[in-house]
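Engineer: Here's a sequence, model it:
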Amino acid sequence: LKPLASWVKDFAARMEFMSTWLTEGEPVAFWLPGFFFPQGFMTAALQNHARKTGTPIDRLTFSFDVLGDKHGLGDVKALPSEGVYVHGLYLESATWDAAAGHLSYARPGEMTSHLPVVHFRPAVDYTPPPSHYACPLYKTAVRAGVLSTTGQSTNF
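Structural biologist: This next block holds a predicted model:
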């Protein structure tokens, strides 16, 4: 469990994110850690693409592009033509090398680092190239969870 002070801070940030979305419209990039059930958000993004293109949703998965070298939203000014931009992700024991365009070893003494904005791009029957690392994504720092109705861990 999180300490109360950091939980309240995250709760306030989550309410600000949702409030801004409600009052100002769809954000350019979504703060993925702000969702209680991010799997639902990602499924909704695939559903929107499936409806837009007439593609069966069971053939869609995400391909990913890491944008820029900043952990903020600096260069992201408009909604993508397909998929969603996501921010607020961290890497543990690694860092993003923007110049090389891939993961690198963590800097000495740095346990976590920000991942720049990621473009979740729907793709039909997508299979990542063997050279791409299938990096797990956890909702919390605790790498454990119970199985949900989908058969997936609730923390993965």
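Engineer: pLDDT weak spots in the chain?
Structural biologist: 1, 69-74, 141-156 (pLDDT under 70).
Engineer: For it, which segments are assigned as strands?
Structural biologist: Applying DSSP state E to the chain gives strands spanning 29-31, 60-66, 84-87, 90-92, 94-97, 102-105, 112-114, 118-124.
Engineer: Okay, now the sheet partners of the fifth one, with direction.
Structural biologist: Right, strand 94-97. Paired strands of strand 94-97, with direction, are strand 102-105 (antiparallel) (DSSP bridges).
Engineer: go on, the fourth one?
Structural biologist: In the sheet, strand 90-92 lines up against strand 112-114 (antiparallel) (DSSP bridges).
Engineer: And the strand it pairs with, what's buried?
Structural biologist: residue 113 (16 or more other C-beta atoms under 10 Å). All C-beta spots, glycine's among them, are computed from the backbone N, C-alpha and C.
Engineer: List of residues touching it?
Structural biologist: Strand 112-114 is contacted by residues 71, 89, 90, 91, 92, 94, 95, 96, 106, 107 when judged by C-beta atoms under 8 Å, 6 or more residues apart in numbering.
Engineer: what does stretch 45-64 give?
Structural biologist: With C-beta under 8 Å, 6+ apart, stretch 45-64 has contacts from 42, 82-84, 118-126, 128.
Engineer: Between its first and last residues, how far does that stretch reach?
Structural biologist: 13 Å (C-alpha to C-alpha, to the nearest Å).
Engineer: just to revisit the earlier point, and the contacts of stretch 45-64, which two are furthest apart?
Structural biologist: 118 and 125 (20.9 Å; C-beta to C-beta).
Engineer: So which bits of the lengthiest helix in the chain are buried?
Structural biologist: In the chain, assigned by DSSP state H, the helix with the most residues is helix 4-24. When burial is assessed from 16+ other C-beta under 10 Å, helix 4-24 yields the following buried residues: residue 17.
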